[in-house]
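Asker: quick one: sequence plus predicted model below, questions after.
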Amino acid sequence: MEVIVKKNYEEMSKAAATLFAAEIMENPKTILGMATGSTPVGLYKELVKMYEAGDLDFSQVTTFNLDEYIGLAPEHDQSYHYFMNDNLFNHVNINKENVHVPDGVGFEAGEAGKAYEELMAKTGQVEIQLLGLGCNGHIGFNEPADEFTKVTGEIDLTDSTIEANKRFFEKKEDVPRKAVSMGIGTIMRAKKIVLLVNGENKAEILKEVVNGPVTPKVPGSILQFHPHVTVICDEEAAKYL
Ligand SMILES: N[C@@H]1[C@@H](O)[C@H](O)[C@@H](COP(=O)(O)O)O[C@@H]1O
(Lines give C-alpha, C1' and ligand atoms only; values in the text may rest on other atoms or scores of the structure.)
Protein backbone atom coordinates (compact mmCIF):
# COMPACT_ATOMS: atom_id res chain seq x y z
CA MET A 1 0.00 0.00 0.00
CA GLU A 2 1.77 3.14 -1.28
CA VAL A 3 0.87 6.38 0.50
CA ILE A 4 1.35 9.68 -1.36
CA VAL A 5 0.89 12.77 0.81
CA LYS A 6 0.14 16.04 -0.97
CA LYS A 7 0.10 19.51 0.54
CA ASN A 8 -3.63 20.15 0.06
CA TYR A 9 -6.86 19.03 -1.64
CA GLU A 10 -5.97 20.65 -4.97
CA GLU A 11 -2.56 18.96 -5.17
CA MET A 12 -4.15 15.65 -4.11
CA SER A 13 -6.76 15.97 -6.89
CA LYS A 14 -4.11 16.81 -9.51
CA ALA A 15 -1.99 13.81 -8.49
CA ALA A 16 -4.97 11.48 -8.78
CA ALA A 17 -6.00 12.99 -12.12
CA THR A 18 -2.50 12.33 -13.47
CA LEU A 19 -2.83 8.63 -12.60
CA PHE A 20 -6.23 8.25 -14.29
CA ALA A 21 -5.20 10.34 -17.32
CA ALA A 22 -2.10 8.19 -17.81
CA GLU A 23 -4.28 5.06 -17.75
CA ILE A 24 -6.66 6.50 -20.39
CA MET A 25 -3.73 7.59 -22.62
CA GLU A 26 -1.94 4.23 -22.34
CA ASN A 27 -5.12 2.20 -22.73
CA PRO A 28 -7.90 4.12 -24.55
CA LYS A 29 -10.32 1.21 -24.05
CA THR A 30 -9.66 1.02 -20.33
CA ILE A 31 -12.32 0.14 -17.74
CA LEU A 32 -12.34 2.58 -14.81
CA GLY A 33 -14.10 2.30 -11.44
CA MET A 34 -15.60 5.63 -10.38
CA ALA A 35 -16.59 7.02 -6.97
CA THR A 36 -18.86 9.78 -5.68
CA GLY A 37 -19.00 12.01 -2.61
CA SER A 38 -17.21 15.35 -2.19
CA THR A 39 -13.66 13.94 -2.27
CA PRO A 40 -13.38 13.10 -6.02
CA VAL A 41 -14.96 16.38 -7.26
CA GLY A 42 -11.52 18.01 -7.66
CA LEU A 43 -10.19 14.99 -9.53
CA TYR A 44 -13.10 15.06 -11.99
CA LYS A 45 -12.60 18.83 -12.52
CA GLU A 46 -8.95 18.13 -13.45
CA LEU A 47 -9.96 15.37 -15.91
CA VAL A 48 -12.51 17.70 -17.57
CA LYS A 49 -9.80 20.39 -17.88
CA MET A 50 -7.48 17.85 -19.55
CA TYR A 51 -10.28 16.80 -21.92
CA GLU A 52 -11.09 20.43 -22.79
CA ALA A 53 -7.38 21.01 -23.49
CA GLY A 54 -7.55 18.13 -26.02
CA ASP A 55 -5.30 15.89 -23.94
CA LEU A 56 -7.82 13.15 -23.14
CA ASP A 57 -10.17 11.02 -25.25
CA PHE A 58 -12.92 9.24 -23.30
CA SER A 59 -14.72 7.89 -26.39
CA GLN A 60 -13.68 4.27 -25.81
CA VAL A 61 -13.53 4.34 -22.00
CA THR A 62 -15.89 2.18 -19.94
CA THR A 63 -16.80 3.05 -16.36
CA PHE A 64 -18.41 1.29 -13.41
CA ASN A 65 -19.53 3.26 -10.39
CA LEU A 66 -19.30 1.92 -6.86
CA ASP A 67 -22.82 2.54 -5.67
CA GLU A 68 -26.23 4.22 -5.92
CA TYR A 69 -28.93 5.07 -3.43
CA ILE A 70 -31.99 2.79 -3.56
CA GLY A 71 -35.10 4.79 -4.40
CA LEU A 72 -33.44 7.68 -6.27
CA ALA A 73 -34.08 7.77 -10.02
CA PRO A 74 -31.16 8.82 -12.25
CA GLU A 75 -32.84 12.21 -12.74
CA HIS A 76 -32.90 12.95 -8.98
CA ASP A 77 -30.29 15.63 -8.27
CA GLN A 78 -28.89 13.67 -5.33
CA SER A 79 -28.61 10.36 -7.17
CA TYR A 80 -25.11 9.16 -8.02
CA HIS A 81 -26.16 8.88 -11.68
CA TYR A 82 -26.84 12.62 -11.59
CA PHE A 83 -23.64 13.35 -9.65
CA MET A 84 -21.47 11.56 -12.21
CA ASN A 85 -23.15 13.23 -15.20
CA ASP A 86 -22.93 16.63 -13.54
CA ASN A 87 -19.29 16.28 -12.45
CA LEU A 88 -17.80 14.31 -15.33
CA PHE A 89 -19.78 12.44 -17.98
CA ASN A 90 -21.70 15.45 -19.39
CA HIS A 91 -18.40 17.31 -19.87
CA VAL A 92 -16.32 14.75 -21.77
CA ASN A 93 -16.81 12.62 -24.91
CA ILE A 94 -17.62 9.38 -23.12
CA ASN A 95 -20.17 7.06 -24.75
CA LYS A 96 -23.01 6.87 -22.20
CA GLU A 97 -23.62 3.26 -23.28
CA ASN A 98 -20.26 2.47 -21.68
CA VAL A 99 -21.15 4.21 -18.42
CA HIS A 100 -22.55 1.92 -15.71
CA VAL A 101 -23.97 2.97 -12.34
CA PRO A 102 -25.92 0.51 -10.17
CA ASP A 103 -29.69 0.84 -10.67
CA GLY A 104 -31.43 2.13 -7.54
CA VAL A 105 -35.01 1.95 -8.81
CA GLY A 106 -35.41 -0.57 -11.63
CA PHE A 107 -35.09 -3.88 -9.84
CA GLU A 108 -36.92 -6.00 -7.28
CA ALA A 109 -35.15 -6.23 -3.94
CA GLY A 110 -31.88 -8.08 -4.29
CA GLU A 111 -31.88 -8.18 -8.10
CA ALA A 112 -29.90 -4.99 -8.84
CA GLY A 113 -26.65 -6.37 -7.43
CA LYS A 114 -26.90 -9.63 -9.38
CA ALA A 115 -27.45 -7.76 -12.65
CA TYR A 116 -24.47 -5.48 -11.94
CA GLU A 117 -22.14 -8.37 -11.16
CA GLU A 118 -23.17 -10.11 -14.41
CA LEU A 119 -22.53 -6.93 -16.40
CA MET A 120 -19.10 -6.47 -14.78
CA ALA A 121 -18.16 -10.12 -15.44
CA LYS A 122 -19.23 -9.80 -19.09
CA THR A 123 -17.38 -6.48 -19.61
CA GLY A 124 -14.00 -7.19 -18.05
CA GLN A 125 -11.74 -6.33 -15.12
CA VAL A 126 -11.64 -2.79 -13.74
CA GLU A 127 -8.10 -1.42 -14.34
CA ILE A 128 -8.20 1.28 -11.66
CA GLN A 129 -10.93 1.56 -9.04
CA LEU A 130 -11.26 5.00 -7.43
CA LEU A 131 -12.38 4.99 -3.78
CA GLY A 132 -13.24 7.65 -1.23
CA LEU A 133 -13.39 6.80 2.47
CA GLY A 134 -16.40 7.23 4.71
CA CYS A 135 -15.83 8.61 8.22
CA ASN A 136 -16.68 5.15 9.60
CA GLY A 137 -14.23 3.46 7.25
CA HIS A 138 -16.75 2.46 4.58
CA ILE A 139 -15.70 2.06 0.96
CA GLY A 140 -18.50 2.35 -1.57
CA PHE A 141 -21.41 1.87 0.79
CA ASN A 142 -19.90 -1.14 2.52
CA GLU A 143 -20.58 -0.24 6.14
CA PRO A 144 -18.84 -1.59 9.25
CA ALA A 145 -20.19 -5.15 9.68
CA ASP A 146 -19.38 -8.59 11.08
CA GLU A 147 -18.05 -9.81 7.74
CA PHE A 148 -16.76 -8.44 4.45
CA THR A 149 -19.40 -8.36 1.70
CA LYS A 150 -18.48 -10.50 -1.28
CA VAL A 151 -20.53 -9.20 -4.20
CA THR A 152 -22.63 -6.22 -5.25
CA GLY A 153 -25.81 -6.04 -3.23
CA GLU A 154 -28.13 -3.98 -1.06
CA ILE A 155 -26.74 -2.33 2.04
CA ASP A 156 -28.58 -0.77 4.98
CA LEU A 157 -26.89 2.59 5.59
CA THR A 158 -25.72 3.28 9.12
CA ASP A 159 -26.97 6.34 10.97
CA SER A 160 -23.47 7.85 10.82
CA THR A 161 -23.51 7.58 7.03
CA ILE A 162 -27.01 9.03 6.80
CA GLU A 163 -25.89 11.81 9.14
CA ALA A 164 -22.73 12.46 7.04
CA ASN A 165 -24.65 12.50 3.75
CA LYS A 166 -27.65 14.53 4.91
CA ARG A 167 -25.70 17.69 4.01
CA PHE A 168 -26.69 17.02 0.40
CA PHE A 169 -30.42 16.78 1.16
CA GLU A 170 -33.03 19.21 2.44
CA LYS A 171 -33.58 17.18 5.62
CA LYS A 172 -32.26 13.96 7.15
CA GLU A 173 -35.56 12.18 6.43
CA ASP A 174 -34.89 12.63 2.71
CA VAL A 175 -31.64 10.63 2.84
CA PRO A 176 -32.23 7.10 1.45
CA ARG A 177 -31.72 4.33 4.03
CA LYS A 178 -30.49 1.72 1.56
CA ALA A 179 -28.04 1.57 -1.33
CA VAL A 180 -26.77 -0.82 -3.97
CA SER A 181 -23.00 -1.09 -3.58
CA MET A 182 -20.17 -3.05 -5.14
CA GLY A 183 -19.18 -5.58 -2.50
CA ILE A 184 -15.74 -5.63 -0.88
CA GLY A 185 -15.00 -8.71 -2.98
CA THR A 186 -16.07 -6.86 -6.11
CA ILE A 187 -13.85 -3.87 -5.28
CA MET A 188 -10.88 -6.13 -4.52
CA ARG A 189 -11.10 -7.68 -8.00
CA ALA A 190 -9.86 -4.38 -9.54
CA LYS A 191 -6.31 -4.56 -10.89
CA LYS A 192 -5.34 -1.31 -9.11
CA ILE A 193 -7.04 0.82 -6.48
CA VAL A 194 -6.63 4.54 -5.76
CA LEU A 195 -7.95 5.67 -2.37
CA LEU A 196 -8.47 9.43 -2.10
CA VAL A 197 -8.72 10.92 1.38
CA ASN A 198 -8.63 14.55 2.48
CA GLY A 199 -9.33 16.56 5.60
CA GLU A 200 -8.50 16.28 9.29
CA ASN A 201 -11.87 14.60 9.92
CA LYS A 202 -10.59 11.52 8.05
CA ALA A 203 -7.15 11.37 9.76
CA GLU A 204 -8.18 8.94 12.49
CA ILE A 205 -10.03 6.53 10.21
CA LEU A 206 -7.26 6.66 7.61
CA LYS A 207 -4.78 5.58 10.28
CA GLU A 208 -7.04 2.59 11.03
CA VAL A 209 -7.37 1.74 7.33
CA VAL A 210 -3.62 1.92 6.63
CA ASN A 211 -2.09 0.70 9.89
CA GLY A 212 -4.89 -0.88 11.91
CA PRO A 213 -5.99 -4.52 12.02
CA VAL A 214 -7.79 -5.84 8.93
CA THR A 215 -11.39 -6.12 10.08
CA PRO A 216 -14.88 -5.76 8.57
CA LYS A 217 -15.53 -3.28 11.36
CA VAL A 218 -13.27 -0.94 9.33
CA PRO A 219 -14.15 -2.03 5.78
CA GLY A 220 -11.38 0.05 4.14
CA SER A 221 -8.76 -1.90 6.10
CA ILE A 222 -9.19 -4.80 3.63
CA LEU A 223 -7.15 -2.72 1.19
CA GLN A 224 -4.03 -3.79 3.11
CA PHE A 225 -4.51 -7.19 1.42
CA HIS A 226 -4.72 -5.78 -2.13
CA PRO A 227 -1.44 -5.92 -4.13
CA HIS A 228 -1.76 -2.52 -5.84
CA VAL A 229 -3.26 0.21 -3.67
CA THR A 230 -2.19 3.86 -3.89
CA VAL A 231 -3.46 6.13 -1.13
CA ILE A 232 -3.38 9.80 -2.16
CA CYS A 233 -4.17 12.16 0.70
CA ASP A 234 -3.57 15.69 1.88
CA GLU A 235 -1.40 16.58 4.87
CA GLU A 236 -4.43 16.98 7.15
CA ALA A 237 -5.66 13.44 6.50
CA ALA A 238 -2.11 12.07 6.84
CA LYS A 239 -1.74 13.53 10.36
CA TYR A 240 -1.51 10.15 12.13
CA LEU A 241 0.29 8.12 9.47
N1 LIG B 1 -20.96 6.16 -1.01
C2 LIG B 1 -20.07 7.31 -0.81
C3 LIG B 1 -18.65 6.82 -0.72
O4 LIG B 1 -18.26 6.26 -1.97
C5 LIG B 1 -17.76 8.00 -0.35
O6 LIG B 1 -16.40 7.60 -0.34
C7 LIG B 1 -18.16 8.49 1.03
C8 LIG B 1 -17.25 9.63 1.48
O9 LIG B 1 -17.79 10.82 1.01
P10 LIG B 1 -16.94 12.18 1.01
O11 LIG B 1 -15.96 12.03 -0.12
O12 LIG B 1 -17.97 13.25 0.73
O13 LIG B 1 -16.28 12.30 2.34
O14 LIG B 1 -19.50 8.96 0.97
C15 LIG B 1 -20.47 8.09 0.43
O16 LIG B 1 -20.82 7.23 1.43
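Answerer: Cool, the structure landed. Please read all numbers here as calculations on a predicted model, not as lab measurements. Numbering: from 1, shown residues only.

Asker: buried ones in stretch 119-126?
Answerer: Using 16 or more other Cβ atoms under 10 Å as the test for burial, stretch 119-126 gives 120, 126. (Each C-beta comes from the backbone N, C-alpha and C, glycine too.)

Asker: quick one: contacts of it?
Answerer: The contact list for stretch 119-126 (Cβ atoms under 8 Å, 6 or more residues apart in numbering) reads 31-33, 62, 64, 100, 152, 186, 189-191.

Asker: near the ligand, list only the ones from these.
Answerer: With Cβ under 6 Å from any ligand atom as the criterion, the contacts of stretch 119-126 include none near the ligand.

Asker: for these, which single residue is the most surrounded?
Answerer: Comparing those by number of neighbours (other Cβ atoms under 10 Å), residue 152 comes first, having 27 neighbours.

Asker: next, the contact list for the spatially most central residue of the chain, please.
Answerer: What sits nearest the mean C-alpha location of the chain, by Cα atoms, centre = their mean, is residue 35, with 2.4 Å. Shown in contact with residue 35 (Cβ under 8 Å, 6+ apart): 65-66, 130-132, 140, 196.

Asker: what's the answer for residue 143, then?
Answerer: Residue 143 makes contacts with 134, 136, 155-158, 161, 219, as judged by Cβ under 8 Å, 6+ apart.

Asker: 10 Å instead, please
Answerer: Residues near residue 143 by Cβ atoms under 10 Å, 6 or more residues apart in numbering: 134, 136-137, 149, 155-158, 160-161, 179, 181, 216-217, 219.

Asker: nearest to the ligand, of the contacts of stretch 119-126?
Answerer: Closest approach to the ligand among these (Cβ to the nearest ligand atom): residue 33, at 10.7 Å.

Asker: that'll do, ta.
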